[in-house]
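# Dropping the sequence and predicted coords here.
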Amino acid sequence: MGNTPLAWAARNGHERVVETLLGRDDIDPDKEGDNDQTPLVLAACYGHEGVVKMLLGRGDVNPNKSDRYGRTALYCASGNGNEGVVKILLGRDDIDPDPDKGGDDDRTPLVLAACYGHEGVVKMLLGRGDVNPNKSDRYGRTALYCASGNGHEGVVKILLGRDDINPNKSDVDGQTPLLLAILNRHEEVVGMLLGRGDINPNERDLSGQTPLSRATYRGQVAVVRMLLELEDINPNKRDGNIETPLGYGARNGDVTVVKMLLGRDDINPNRSNMYGQTPLSIAAHYGHQGVVKMLLGRDDVNPDTPDVSGQTSLHRAAKNGHQDVVRVLLRRDDVNSDKPDNGGRTPLGWAAKNGHEGVVEILLGRDEVAIDKPDNAGRTPLWWAACHGNQGVVKILLRRDSVNPDRPDDRCQTPLSCAAANGHEGVVKIFLGRDDVNPDKPDNKGRTALSYAVRTNYRPVIALLQLQTAATHSIE
């Protein structure tokens, strides 16, 4: 469509040109140009007060007319913080300061001004009796929500000073101003919001996150401290039944946050997440020794609680190779170092499978650990180490007289056969160097170590086994 000369003059604030053009009888002062913007909308957007006054002085200019995107003169002036223009527009009786629809995402002039932190504009709009401070855009975002999320402390203070403000109103995702301020790390705004007596500090969004769970997850120490000072805070509340605040602190290894949470009389240090993992189990899993020690320093923490898979804190530490945590746990008399999980695998079995030599050595130093204990599938720690090619662990285990190097699993597959099937040449060499290993021992389908290697086409392993077979036959 293109802009008219009047639109260009209005946009650029050329008052004399605007005055000249408006003096003509054939001029249309309200004609839309690019994006359906009128001269008034353009002048308001760019803050040209004199041009705005001239245009509004005519009786044929509609002050509420919007462009293609629903933006009125007041909307544009409010969003750009053009206080002089806003004051002029609000002085008119025919202006609509609080439209139900219009602008980007149906934001009102107040919501837009709050989003950009224009305190003067916010005050002017709220000074009218016909502006609803709780009106939201199509996504449920209010003026307080936007100001809180963007850290505009001045605007937040203005809005919270009103008796009719709803500080708990959430957007379509269930996020409140408090949750958004925490998400965007605006600690001052968080403090202002929590200073009101009507804030719900336990409110969840649609993903289940509470203010405390979000703050602990993100390690926001100052916010956690503020929240824990509230009498009505629930420190044990899970976020959507997944994790507790203490669980997040344990996961992050955040000693400061964990200490603050444990300082509450109403904290449950054994409350598990949806997978049955306690804060101690989580800290052990991630190797956070400081948090583990802090939790074990309490009389009410059970160090041997299994999760839904039957794994304890020791399982978690052992399977991930956290030697220091393993040592700390094994100092306790109430920790079972040989406890099987739901699959029958012990901490030693997990450490062997994952190749954690240091942890294997530590566990083998315990008299109660059965080195050759099979899991529910008949697989011993040696079997798992061999199958995963963990040569160091295989060597450690084979030094023990109580280990049967040829013990098969429930399918009659030996550690050698599993190593051969997976192409672990070094492990195969170790087994073939022993007199108590039968390389021709078949599984329940008649497959030997060589047939497994042939099937998977691991040529170096095939060559080793063929050489062994040839040597055996030549002796015979």
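Yep, it's here.
# Run a quick neighbour tally on residue 127.
A count of nearby residues for residue 127, using other C-beta atoms under 10 Å, gives 9. (C-beta placed from N, C-alpha, C; glycine too.)
# So what touches stretch 439-457?
Contact partners of stretch 439-457, identified using C-beta atoms under 8 Å, 6 or more residues apart in numbering, comprise 406, 408, 411-414, 416-423, 428, 431-432, 461-462, 465-466, 468-469, 472.
# Which residue comes closest to residue 345 once chain neighbours are left out?
Spatial nearest neighbour of residue 345, excluding adjacent residues (C-beta to C-beta, 6 or more residues apart in numbering): residue 375 at 4.3 Å.
# next one: residue 272
residue 278 is the one closest to residue 272 (C-beta to C-beta, 6+ apart), at 5.0 Å.
# What of residue 205?
That would be residue 174: by C-beta to C-beta, 6+ apart, it lies 3.7 Å from residue 205.
# I'd assumed residue 204 was in contact with that neighbour.
Yes. Look at residue 174 against residue 204 with C-beta atoms under 8 Å: they come within range, at 6.7 Å.
# When these two are compared, which one has more neighbours?
Comparing residue 174 with residue 204 by other C-beta under 10 Å, the one with more neighbours is residue 204, at 20 against 15.
# Extract the C-alpha set from stretch 329-349 and format it as PDB.
Taking C-alpha atoms only, stretch 329-349 is exported to PDB below (Å, rounded to 0.1, in the frame of the first residue of the first chain):
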ATOM      1  CA  LEU A 329      29.600 -45.700  53.100                       C
ATOM      2  CA  LEU A 330      31.600 -48.800  54.100                       C
ATOM      3  CA  ARG A 331      32.600 -47.200  57.400                       C
ATOM      4  CA  ARG A 332      29.100 -47.700  58.500                       C
ATOM      5  CA  ASP A 333      28.000 -50.900  60.300                       C
ATOM      6  CA  ASP A 334      24.500 -50.600  58.800                       C
ATOM      7  CA  VAL A 335      25.600 -50.800  55.200                       C
ATOM      8  CA  ASN A 336      25.300 -54.200  53.500                       C
ATOM      9  CA  SER A 337      28.300 -54.400  51.200                       C
ATOM     10  CA  ASP A 338      27.100 -57.500  49.400                       C
ATOM     11  CA  LYS A 339      23.400 -56.700  49.000                       C
ATOM     12  CA  PRO A 340      21.900 -57.700  45.700                       C
ATOM     13  CA  ASP A 341      19.500 -55.500  43.700                       C
ATOM     14  CA  ASN A 342      16.300 -56.600  42.000                       C
ATOM     15  CA  GLY A 343      18.400 -58.200  39.300                       C
ATOM     16  CA  GLY A 344      20.500 -60.000  41.900                       C
ATOM     17  CA  ARG A 345      23.600 -57.900  41.100                       C
ATOM     18  CA  THR A 346      25.800 -56.800  44.000                       C
ATOM     19  CA  PRO A 347      27.800 -53.600  44.300                       C
ATOM     20  CA  LEU A 348      30.900 -55.700  43.300                       C
ATOM     21  CA  GLY A 349      29.000 -56.900  40.200                       C
END
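# ranges for the helices of the stretch 151-300 of the chain?
Per DSSP state H, counting those that start in this stretch, the stretch 151-300 of the chain carries helices over the ranges 153-160, 177-183, 187-194, 211-217, 221-228, 245-252, 255-262, 279-286, 289-296.
# Name the residues of the fifth one that are buried.
So that's helix 221-228. 223-224, 226-228 (16 or more other C-beta atoms under 10 Å).
# quick one: that helix to helix 187-194, angle?
10 degrees (axes from the mean of the first three to the mean of the last three C-alpha atoms, to 10 degrees).
# CA-only coordinates of helix 221-228 in CSV, if you can.
C-alpha atoms of helix 221-228 as CSV (Å, rounded to 0.1, in the frame of the first residue of the first chain):
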residue,chain,number,x,y,z
VAL,A,221,21.3,-20.0,47.5
ALA,A,222,19.8,-16.6,48.3
VAL,A,223,16.4,-17.6,47.0
VAL,A,224,16.4,-20.9,48.9
ARG,A,225,17.2,-19.0,52.1
MET,A,226,14.3,-16.6,51.5
LEU,A,227,11.9,-19.4,50.8
LEU,A,228,12.9,-21.4,53.9
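# helices or strands next to that helix in the packing?
helix 187-194, helix 211-217, helix 255-262 (3 or more C-beta pairs under 8 Å, 6 or more residues apart in numbering; DSSP states H and E).
# could those be laid out in CSV, adding mean neighbour count, mean pLDDT and distance to residue 7?
Below are these laid out as CSV (neighbours: other C-beta atoms under 10 Å; pLDDT from 0 to 100; distance: least, C-beta to C-beta, whole Å):
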stretch, mean neighbour count, mean pLDDT, distance to residue 7
helix 187-194, 20, 97, 40
helix 211-217, 27, 96, 47
helix 255-262, 20, 97, 57
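# For residue 2, find the nearest of those helices.
helix 187-194 (44.3 Å; C-beta to C-beta).
# ok, and what's touching the closest one?
Contacts of helix 187-194 (C-beta under 8 Å, 6+ apart): 147-148, 151, 153, 156-157, 160, 167, 177-178, 181-182, 199, 201, 220, 222-223, 226-227, 230.
# how near is residue 101 to residue 124?
Residue 101 sits 22 Å away from residue 124 when distances are taken as C-beta to C-beta, to the nearest Å.
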